[in-house]
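Participant: A structural model of the following input is requested.
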Amino acid sequence: MEEFLNNLYSNSSIPFVSALAFCPYSGVLFFGMLIPMTVSTSGLHLPVIFAIATGVPVIMFAWVIAYIISGMGNLYKRIKYFEFWFRKAVAVLFISIGVYYIIAVWF
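Facilitator: Reported below is the predicted structural model:
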């Protein structure tokens, strides 16, 4: 149960923070302006347009974040590969400098 609650907390933290950040402004727009405009006109097309207009940027932002995070594994593999060969090159460089100093001091 504790693992479920930890996963629930970690999975819902970003949407919760986003809702806290955008909800007061959206609430004023929706309940203060949009609902009175909808009541004065015929039809319920304005809330639908508002829902689409506010939902599309959030969906696009989430897609961009998911795309960026999916590439992190590939980046980690490249860094690991580079680090492996860089360590070898630095080791050869240090050994070469050590051999140079041994030869310079002894001969």
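Participant: what's the helix or strand containing residue 69 packed up against?
Facilitator: Assigned by DSSP states H and E, residue 69 belongs to helix 45-70. Counting by 3 or more C-beta pairs under 8 Å, 6 or more residues apart in numbering; DSSP states H and E, the packing neighbours recorded for helix 45-70 are helix 35-40. Heads up, the C-betas are built off the backbone N, CA and C, glycines and all.
Participant: got the buried residues for the helix it packs on?
Facilitator: residue 38 (16 or more other C-beta atoms under 10 Å).
Participant: which strands and helices sit next to that helix?
Facilitator: If you count contacts as 3+ C-beta pairs under 8 Å, 6+ apart, helix 35-40 packs onto helix 45-70.
Participant: tell me how far the next helix or strand after the helix it packs on lies from the chain's centre.
Facilitator: Downstream of helix 45-70, the first helix or strand assigned by DSSP H and E is helix 72-106. Mean-position distance between helix 72-106 and its chain equals 33 Å (C-alpha atoms, centre = their mean, to the nearest Å).
Participant: repeat for stretch 51-58
Facilitator: Centre to centre, stretch against its chain (C-alpha atoms, centre = their mean), the figure for stretch 51-58 is 19 Å.
Participant: repeat that for stretch 51-65.
Facilitator: The chain centre lies 14 Å from the centre of stretch 51-65; the measure is C-alpha atoms, centre = their mean.
Participant: likewise for stretch 44-61?
Facilitator: A distance of 22 Å separates the centroid of the chain from that of stretch 44-61, by C-alpha atoms, centre = their mean.
Participant: can you show me the CA trace of it as CSV?
Facilitator: Provided in CSV are the C-alpha atoms of stretch 44-61 (Å, rounded to 0.1, in the frame of the first residue of the first chain):
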residue,chain,number,x,y,z
LEU,A,44,-23.1,25.7,-25.2
HIS,A,45,-20.4,26.2,-27.8
LEU,A,46,-18.2,28.6,-25.8
PRO,A,47,-17.3,26.1,-22.9
VAL,A,48,-16.4,23.5,-25.5
ILE,A,49,-14.1,26.0,-27.4
PHE,A,50,-12.6,27.1,-24.0
ALA,A,51,-12.0,23.4,-23.0
ILE,A,52,-10.2,22.7,-26.4
ALA,A,53,-8.3,25.9,-26.3
THR,A,54,-7.0,25.3,-22.8
GLY,A,55,-6.4,21.6,-23.2
VAL,A,56,-4.4,21.6,-26.5
PRO,A,57,-1.4,23.5,-25.1
VAL,A,58,-1.2,21.3,-22.1
ILE,A,59,-1.3,18.2,-24.2
MET,A,60,1.3,19.5,-26.5
PHE,A,61,3.6,20.5,-23.6
